[in-house]
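J.: The following block contains a protein sequence and its predicted model.
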Amino acid sequence: MPKPRELLLFSIVLIFSLSLPLPSIAGDPVVLDRLNKAVVDDGKLILNARFRYEFVDQDSRSRDANAVNLRTRFGYETGYFYGFGFGFDVENVHVIGDDRYNSTINGRSDFPTVVDPEDTELNQLFLKFGGKEAFIPDTTVKVGRQRIIWDNHRFLGNVGWRQNEQTFDSARIINTSIPHASLQYIYIDKVHRIFSKAHATAGTRGMSSHLARVGYKFEGIGELSARILLLDYDRAIFSGDSTKTFGVRFIGKYALDDDWKVLYTGEYANQEDWEQNTSSFDLDYWFGEGGVDYKGVTMKVGYESLEGNGTSAFQTPLATLHLFEGWTDLFLTTPSDGITDLYAKIGTKVYGTSLVLGFKTLDAENTSANYGTETFFDVKRTFWGHLTPRLTAAFFNTADTSVAADTTKLWLGITYKY
C-alpha cells in the first residue's frame, strides 16, 4: 500500500497535470513555437565541474588526509510549456589517485574525515508548474528530487561546499501574490545527504516533514521572515533529530550615503522535541550580526548561540553546517552543552579577487568551558565568467582536547560552471 506522503506527492502532480491545457502538437505552429521556446530558448544546460585538493592535519589522527577528487554535474532544465516544465542533473564524484582520507565509507579511519565519497547518483529530477500560464497565479510548484536553500543555509541548505550535494525528495509551493511578500510550503519525504547512498545510515534518510516560510520585504530596510520546521524522521535511530522549530529573522542594510552602508541581521528560534523523539527539551537559538560596508570593504561582527542543557542541544540537521561554528567542521553536531560563536571578519575585492579573513572563538553555552579558536581565510576569482580558482584555509586551536583536537584544513580547487 502507498504511504500517505507518497499519495500526497502523487496527488499534487495529478492535480496540476490535469489542469494543463495541453493541445495537440502535430500541425500547430503556435504550439511548436511555444515548445521550442520552452525547451531551447528558455532551457538551461546544467554543466558544472570542480577539481579540488583537500589537506587535513588533525592531532587526533596518526596520518594526514590528502583528498584529490573531481566532481562533475550534468543535466538540463526546461522553461515552461503551457505552465509545465521539468529538470534533472546527474552527479559524479571521482577520486583521483589513492583515497588517502576517511570518506566515511572507505574504511580509512586512520585518516582524518573528508566527506567526499566516490559515487554517481541522480542529483535532481523534478516536475515544475508555474510561469505566466500557471494554474494558480503567482505560484510555482516543484515536485521531485530538488535543491532547496533557505536564507543563509542555517536551517535548510544544499551543503554545496562538499562535492556530493544534499538534495530532497519533496514537494515545494511558492506564492508571491501579495506585493513584497512570499509564502512557501515544503513537504520532504527523503533527504539525500552528502555521505552518498552507499552509507548505511548517514546517506539517505526518510522522513515525513512539513516546513513553511513567510517573508515580507520592507523597501530600503530589509526582510522580515518567519518559519516553522516540523521534522519527523522515519527510523527510530534518528528520532533525536525529530524536532519542532519556530523562528523569526530580520536581515537588511541601510545606505547612509554613496559610500557607507550599515549591515544588520537578527534571528531567534525555539526548538522542542517532536513525534518519535524520546527526549524532552525546550531550547533557544539566537543570532545577531552587525557591520558596515565602505566602498566594497565589508567588516562584520557576529554572535550565534545554540542552547544545550547537558543532555540535548539545539540541532539543525538539514543545514549547510560547514558555514557555521568553524570551517574546520568540528562542531557539525551541536555539543550537549550547546555552543556559542563570537566572530569577526573582513572581506573585499581587489582587482576582481574576492578576499575574506576572519577569527572566531567557540564556547559552551551551558557552562563556562571554552572549546577553542579558529582563524580562516578565503581567496577566489572568476575568469571569463566561468572558471573560478579558489584557495581556502582554516586553523583551529583547541582549548579542550576532550571536545576537539587541533586541526588545520586547506582547500585548493578550481570550478567550471557553464
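T.: Noted; the coordinates are in hand.
J.: which residues does the nearest residue to Asp151 once chain neighbours are set aside bridge with?
T.: If the residues on either side of it in the chain are set aside, Asp151 comes closest to Arg249, at 6.4 Å by C-beta to C-beta, 6 or more residues apart in numbering. (C-beta placed from N, C-alpha, C; glycine too.) Judged by DSSP bridges, the bridge partners of Arg249 are Ser225, Glu267.
J.: Arg249 contacts Thr265, doesn't it?
T.: Yes: here Arg249 reaches Thr265: they are 7.4 Å apart, a contact under C-beta atoms under 8 Å.
J.: And those two? Which one has more around it.
T.: Arg249 (23 against 19; other C-beta atoms under 10 Å).
J.: Phe287 versus that one, what's the distance?
T.: 8 Å (C-beta to C-beta, to the nearest Å).
J.: okay, and the common contacts of those two?
T.: Thr265, Gly266, Glu267 (C-beta atoms under 8 Å, 6 or more residues apart in numbering).
J.: What strand or helix carries the closest residue in space to Tyr418 that isn't next to it in sequence?
T.: What sits nearest to Tyr418 in space, not counting adjacent residues and going by C-beta to C-beta, 6+ apart, is Leu47, at 3.7 Å. Using DSSP states H and E, Leu47 sits in strand 44-58.
J.: residue contacts, the residue nearest to Asp151?
T.: Contact partners of Arg249, counting by C-beta under 8 Å, 6+ apart, are Asp151, Leu224, Ser225, Ala226, Arg227, Thr265, Gly266, Glu267.
J.: what does Arg52 give?
T.: Residues in contact with Arg52 (C-beta under 8 Å, 6+ apart) are Ala67, Val68, Asn69, Leu70, Arg71, Asp116, Gln163, Trp411, Leu412, Gly413, Ile414.
J.: What strand or helix carries Gly215?
T.: If you go by DSSP H and E, Gly215 is part of strand 204-218.
J.: Check which helices and strands that strand is in contact with.
T.: strand 181-192, strand 222-230 (3 or more C-beta pairs under 8 Å, 6 or more residues apart in numbering; DSSP states H and E).
J.: okay, those in TSV with mean pLDDT next?
T.: Output for these, formatted as TSV (pLDDT from 0 to 100):
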stretch	mean pLDDT
strand 181-192	98
strand 222-230	98
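J.: Thr320 is nearest to which of those strands?
T.: For Thr320, the closest of the helices and strands packed on strand 204-218 is strand 181-192, at 12.9 Å, according to C-beta to C-beta.
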